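> Any chance you could fold what I've pasted below:
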Amino acid sequence: MKRWTHKLKSAIGRFRRDTDGIMTVEMVITLPFLFWMITTSFELYEVHRYKAARVKATYTVADMLSREMLPVDDIYVNNAKALYDTVTNDNGENQVRFSVVRYDSGPDSYSVRWSETRGDGDMSPLTNGDVAQAHAELPILQGGEQLIIVESTSTYTPIFRYPGLNKDYTVNTKVFTGIRFAAQLCWEGSSCG
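Reported below is the predicted structural model:
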């Protein structure tokens, strides 16, 4: 029995002192974790880049509309959507809604002057019912003042799929801006009263 325990202790001691193959074992253990960390970091960076590009594009289009002094039409809005797609620069599927809302102090409600959507998605043009009592969502305006609202929605599809990062991510943006150089922003062919 002593001889057997001595042999066992001796074998365990040799195994403990032996350093052959340790680097391979460490690599097998740490490489998957390292790969997961790098790809997760890349994916999180890419989600933020994707959203930041859409926020910048939304601000750019809203600023462009806020400086417009002439009535806008389908061609103008189509080109605004094309500009949005160019600024995002990634061939994503984007939908953009362009709206002008007016505040009426008499009935203390908002009304839609015009609203247009471009791109494929679930958004539809705003209606008076959507904004009439939207005091919590819309900025405070003076009676008769108009507000430009540019909204976009896009879907980010992850490159790597891991638990917690395994489904598509919807990116929504919304920018409000006032009209800068004119009293109102009209739609071509409609009354601007």
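> residue ranges of the helices in this protein, please?
Along the chain, the segments classed as helices by DSSP state H run 2-17, 22-66, 74-88, 128-131.
> so how far is the longest one from its chain's centroid?
Relative to its chain's centre, helix 22-66 lies at 13 Å (C-alpha atoms, centre = their mean, to the nearest Å).
> and it with helix 74-88, angle?
Per axes from the mean of the first three to the mean of the last three C-alpha atoms, to 10 degrees, the angle that helix 22-66 makes with helix 74-88 is 150 degrees.
> Mean pLDDT, distance to residue 187 and mean neighbour count for the helices of the chain - can I get that in a markdown table?
From N, CA and C alone the C-beta is placed, and that goes for glycine too. Formatted as a markdown table, the helices of the chain follow (pLDDT from 0 to 100; distance: least, C-beta to C-beta, whole Å; neighbours: other C-beta atoms under 10 Å):
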| stretch | mean pLDDT | distance to residue 187 | mean neighbour count |
| --- | --- | --- | --- |
| helix 2-17 | 80 | 82 | 9 |
| helix 22-66 | 90 | 12 | 14 |
| helix 74-88 | 95 | 9 | 16 |
| helix 128-131 | 91 | 15 | 15 |
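> what separates residue 48 from residue 156, distance-wise?
Between residue 48 and residue 156 the distance is 10 Å, computed by C-beta to C-beta, to the nearest Å.
> Residue 129 too?
To residue 156, residue 129 is 31 Å away according to C-beta to C-beta.
> Check residue 35 too.
Between residue 35 and residue 156 the computed distance is 22 Å (C-beta to C-beta).
> try residue 51
As judged by C-beta to C-beta, residue 51 and residue 156 stand 8 Å apart.
> Mutual contacts of these two, please.
Residues touching both residue 51 and residue 156 (C-beta atoms under 8 Å, 6 or more residues apart in numbering): residue 171.
> residue contacts, the residue nearest the centre of the chain?
Closest residue to the average C-alpha location of the chain: residue 171 at 2.9 Å, with C-alpha atoms, centre = their mean. Residue 171 makes contacts with 50, 51, 54, 152, 153, 154, 155, 156, as judged by C-beta under 8 Å, 6+ apart.
> What residues are bridge-paired with it?
Beta-bridge pairing for residue 171 (DSSP bridges): residue 154.
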